[in-house]
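>>> Only the shape, not the letters, is given here:
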RNA sequence: GGCGCAUUGGUGUAGUUGGUUAACACGCUGCCCUCUCAAGGCAGAGAUCACGGGUUCGAGUCCCGUAUGCGCUACCA
């Protein structure tokens, strides 16, 4: 049977990186097996679902390059089907109406409430499964319903026995029926609940493999019971290890902020392929141990069997701008930036430059070759796309900032630079042709004659020309920037020398 | 409270049927290269494989227990 998998997020916020990883694995499995990858938006919680969130999910998938097959399924559109299925189960005696008035619950304290209730039950010897309505006669149940009395619908879990299923990742699983309460399928207001909706939709969509987070592992037993009650065949399950915060706690937006949101990576200059590559390595590793791979290699190498069971820690340091996200992710992004074909990098840099008003129309045609050379030169030490408009700004505009530390290190430390640099500019102006090689010859000769180390002039030039203390080989920079701009920048802007003099006057 | 899952250097992982000095990547340290910073090359630090028992000639690998973390347990998803 052809593989059909799905990614089924609920649109209640940004796209979480854990969810993005689930989407990736589903997509990879579909690609690997020649199956279909479907998208279902689980928007049954009307209060919390937003269109904006749905948008961010779709955008996020597109950014990662995970195209879905067929139409998006919106779960809320299927509510009627879910209800009908629940009523059918009541008719068949597999579910029952529970006329117990709905208990108010406070979302913030549910977990505590569950534990308290369980403690109380065991202390009093109460079996919560003894619902008085479970064995109500069909006639009486029908009558009360017809009279308009509100009711929830619960699935009848058999009294004795256990459920089984085999998880592709976690292996054989079993659970005593006694551990499972008769779960509510339909709220008393007729609203279908998660477990019901998921199962019906998965059946409806012909899902063959359910690949999702490990947080659903225990609940899978309930779903298996539902498949059986509905007379449907049970799909294969593969649960994915969770992604944890550095303190091994849950990775949540409330506590950890934007690092958990996929769009953050897009907005902060990640190359989609790099982040996708990084995500693939969270909870999975290829058989050959390779870590950097193309999409094709990834698809080819991927297998559910190599997913492992222990949770992965997503390592980052809050409050440290240098390590705002996992260092390996940052390294991988840099690796992609400096090794991918420049032509592939170009459109991403273009977007970045555009956003910062640094893009010029000439880059499209006349200066395209020049641009590609610049990109190839400067990308070698960049970590994100943002660097092209940040550290790299001087290559695209005459209006760039000077790094204070660079000025101190390369300009202010040597008084003579104030005269040497303009003098060097004069020499460079005479250099013809003006290339990296000729510029080097000029500079070294000038340094010799002036009796200073070439390094002094090189570093000083670097800061004058780019505003930075670090960067590519200086002679390449001279050539790239061209004779005119090189000379101008060496002569111009001497506010720091003035500041130095002011200091000297005191 | 109950049930479930997990536990290999700081992090991500390899270690598929138990068998020599526990492997790789990121990060870290030093050196080389060098006009700076990266990259690259070389060298190195860092793991009594959570802990305690057991099975075995031999266990990271199997069994039991403990601890810790996480998940589920809801008329949330």
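Good, I have the coordinates. Keep in mind that what you see is a predicted model, and the values were worked out from it rather than measured.

>>> tell me the pLDDT at the nearest residue to residue A:180 once chain neighbours are set aside?
In this structure, residue A:180 finds its nearest non-sequential neighbour in residue A:157, 5.0 Å apart by CB to CB, 6 or more residues apart in numbering. No exception for glycine: its C-beta is placed from N, CA and C like everyone else's. pLDDT recorded at residue A:157 is 94.

>>> list the contacts for the residue nearest the centre of chain A?
Computing the C-alpha centroid of chain A and ranking residues by CA atoms, centre = their mean puts residue A:262 first, at 3.0 Å. Neighbour list for residue A:262: A:14-17, A:20, A:56, A:60, A:63-64, A:275 [criterion: CB atoms under 8 Å, 6 or more residues apart in numbering].

>>> any low-confidence regions in chain A?
A:493-506 (pLDDT under 70).

>>> So which residues on the stretch 1-150 of chain A come close to RNA strand B?
Residues of the stretch 1-150 of chain A found near RNA strand B (CB under 7 Å from any atom of the strand) are A:10, A:12, A:42, A:44-45, A:48, A:98, A:100-103, A:105, A:107, A:110-111, A:114-115, A:117-119, A:122.

>>> from those residues, which would you call buried?
A:10, A:42, A:44, A:98 (16 or more other CB atoms under 10 Å).

>>> So the residue lying closest to the second one once chain neighbours are set aside: helix, strand or coil?
What that stands for is residue A:42. Excluding its sequence neighbours, the residue lying closest to residue A:42 (CB to CB, 6+ apart) is residue A:10, at 4.3 Å. Secondary structure assignment for residue A:10 (DSSP: H, G, I helix; E, B strand; the rest coil): coil.

>>> got the contact list for the residue of the stretch 351-500 of chain A found nearest RNA strand B?
Closest approach between the stretch 351-500 of chain A and RNA strand B, counting by CB to the nearest atom of the strand: residue A:473, at 3.0 Å. Counting by CB under 8 Å, 6+ apart, residue A:473 touches residue A:436.

>>> any idea how far it is from residue A:133?
Taking CB to CB, to the nearest Å as the measure, residue A:473 falls 81 Å from residue A:133.

>>> Could you do residue A:56 as well?
42 Å.

>>> if I pick residue A:121, what's in contact with it?
Here residue A:121 is in contact with A:127-128 (criterion: CB under 8 Å, 6+ apart).

>>> Sorry, wrong one. I was asking about residue A:364.
Contact analysis of residue A:364 by CB under 8 Å, 6+ apart lists nothing.

>>> Next: residue A:420.
Shown in contact with residue A:420 (CB under 8 Å, 6+ apart): A:450, A:452, A:456-457, A:460.

>>> what does residue A:193 give?
Contacts of residue A:193 (CB under 8 Å, 6+ apart): A:44, A:183-187.

>>> Which one of those residues sits in the busiest neighbourhood?
residue A:185 (27 neighbours; other CB atoms under 10 Å).

>>> between residue A:56 and residue A:133, which one's more packed in?
residue A:56 (20 against 17).

>>> And the more buried one, its phi and psi?
phi -70, psi -30 (degrees, to the nearest 10).

>>> just the strands in chain A please.
A:4-7, A:36-41, A:73-74, A:95-98, A:152-155, A:162-167, A:171-176, A:184-186, A:209-213, A:236-240, A:243-244, A:312-313 (DSSP state E).

>>> which one of the contacts of residue A:262 is nearest RNA strand B?
Ranked by distance to RNA strand B (CB to the nearest atom of the strand), the contacts of residue A:262 are led by residue A:16 at 11.4 Å.

>>> which residue packs closest to that closest one, ignoring adjacent ones?
Residue A:16 sits nearest to residue A:260 (CB to CB, 6+ apart), 5.6 Å away.

>>> any idea how far residue A:49 is from the one you found?
19 Å.

>>> So these two - more neighbours on which side?
The residue with more neighbours, out of residue A:260 and residue A:49, is residue A:260; 26 against 20, by other CB under 10 Å.

>>> Do I have it right that that one meets residue A:252?
Yes - assessed by CB atoms under 8 Å, residue A:260 is found in contact with residue A:252 at 6.9 Å.

>>> residue contacts, the residue lying closest to residue A:444 once chain neighbours are set aside?
Closest residue to residue A:444 apart from its sequence neighbours, by CB to CB, 6+ apart: residue A:454 at 5.2 Å. Residues in contact with residue A:454 (CB under 8 Å, 6+ apart) are A:443-444, A:447.

>>> wait, which of those residues is closest to residue A:484?
Closest approach between the contacts of residue A:454 and residue A:484, by CB to CB: residue A:443, at 16.8 Å.

>>> The residue lying closest to residue A:372 once chain neighbours are set aside and residue A:386, how far apart?
Excluding the flanking residues, the one nearest residue A:372 by CB to CB, 6+ apart is residue A:342, at 5.2 Å. Separation of residue A:342 from residue A:386 (CB to CB) stands at 18 Å.

>>> Ok, residue A:378 next?
With CB to CB as the criterion, residue A:378 and residue A:386 are 13 Å apart.

>>> what about the closest residue to residue A:458 other than its chain neighbours, how many neighbours?
Of all residues not flanking residue A:458 in the chain, residue A:474 sits nearest, at 4.7 Å (CB to CB, 6+ apart). Applying other CB under 10 Å, we find 22 residues neighbouring residue A:474.

>>> again with residue A:165
Neighbour tally, residue A:165, other CB under 10 Å: 19.

>>> Does it touch residue A:221 like I think?
Yes - Residue A:165 lies in contact with residue A:221 (CB under 8 Å); the separation is 7.3 Å.
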